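Undergrad: From the sequence below, what's the structure:
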Amino acid sequence: MADFGLSCSAAVGWVCTPIEAFWVRFDDGCLRRQTGEVDLAAAFELRLFDTDEELRWLYQSGGQGNAVRWSDDLAAERGYARLPAKSAFQHLLWGRVAQVGDDWVRLDDARTGPLWVPLTASQDDAGKYAILRSVEYTKMDDCGNAGVIDERFTSVMLVAEDKLIVRIEK
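TA: Have a look, this model is predicted:
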């Protein structure tokens, strides 16, 4: 990942292939999914992130793609303003924690198959939800109107139902 200019030593994210999309963990220079190392030959999209930066790669043709690294510093260079930390956004992932092991949790839901997410958890976390956190960037146009220009993912974390921003209907 150093070829992409990614400076972090550990990150999480996902890979999309024509057959499946799955979560990955990048650490010690290796990209892994819950079942082992990842072969990116069939990938058409890769997103990796930590709290400070995000890497986005999209396949173009002939095994080549375009990569973009995104951070607060790069956003500031373009004149974008990050919304305050208290307005960080949360995206709810499908399912609840059903299994925990080796720095991965399995989320299960009756409507989807199992989803392995790279999170450290304990058996006490069973039944919790996983959220994908992000920050947004704004920019003002020539008329003085501000709008959201981009979003950067920052973390994945477990939360109890009573700590969710959204209400879950049962």
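
Undergrad: Okay, domains of this protein per the record?
TA: Domain assignment for the chain, taken from automatic domain parsing, gives 2-76, 80-160.

Undergrad: Quick one: residues contacting the spatially closest residue to residue 25 that is not a sequence neighbour.
TA: Leaving aside its chain neighbours, residue 25 sits nearest to residue 118 (4.0 Å; criterion: CB to CB, 6 or more residues apart in numbering). Placement of C-beta: from N, CA and C, glycine included. Taking CB atoms under 8 Å, 6 or more residues apart in numbering, we find residue 118 in contact with 12, 23, 24, 25, 34, 103, 104, 156.

Undergrad: pLDDT score for residue 118?
TA: We have a pLDDT of 97 for residue 118.

Undergrad: For residue 57, see how far away it is.
TA: Using CB to CB, to the nearest Å, residue 118 is found at 18 Å from residue 57.

Undergrad: Do you have the strands of this structure handy? List them.
TA: Counting by DSSP state E, the chain has strands at residues 10-16, 21-27, 30-33, 36-37, 45-49, 53-61, 64-71, 81-82, 89-101, 104-109, 112-117, 129-140, 146-159.

Undergrad: Would you mind listing where the chain has pLDDT under the threshold?
TA: Along the chain, the model assigns pLDDT under 70 to residues 1-9, 86-87, 165-170.

Undergrad: I figured residue 31 hits residue 24, correct?
TA: Yes. Using CB atoms under 8 Å, residue 31 is in contact with residue 24, at 5.5 Å.

Undergrad: Show me which of the two is the more surrounded one.
TA: Taking other CB atoms under 10 Å, residue 31 and residue 24 do not tie; residue 24 has more neighbours (23 against 19).

Undergrad: Just to check, the more buried one is in contact with residue 49?
TA: No. Using CB under 8 Å, residue 24 and residue 49 do not qualify as a contacting pair, with a distance of 11.0 Å.

Undergrad: Show me whatever sits in contact with both of these two.
TA: Overlap of the contact sets of residue 24 and residue 49 (by CB under 8 Å, 6+ apart) consists of 12, 13.

Undergrad: list the contacts for residue 105?
TA: Residues counted as contacts of residue 105 (CB under 8 Å, 6+ apart) are 97, 99, 116, 117, 119, 121, 125, 130, 158.
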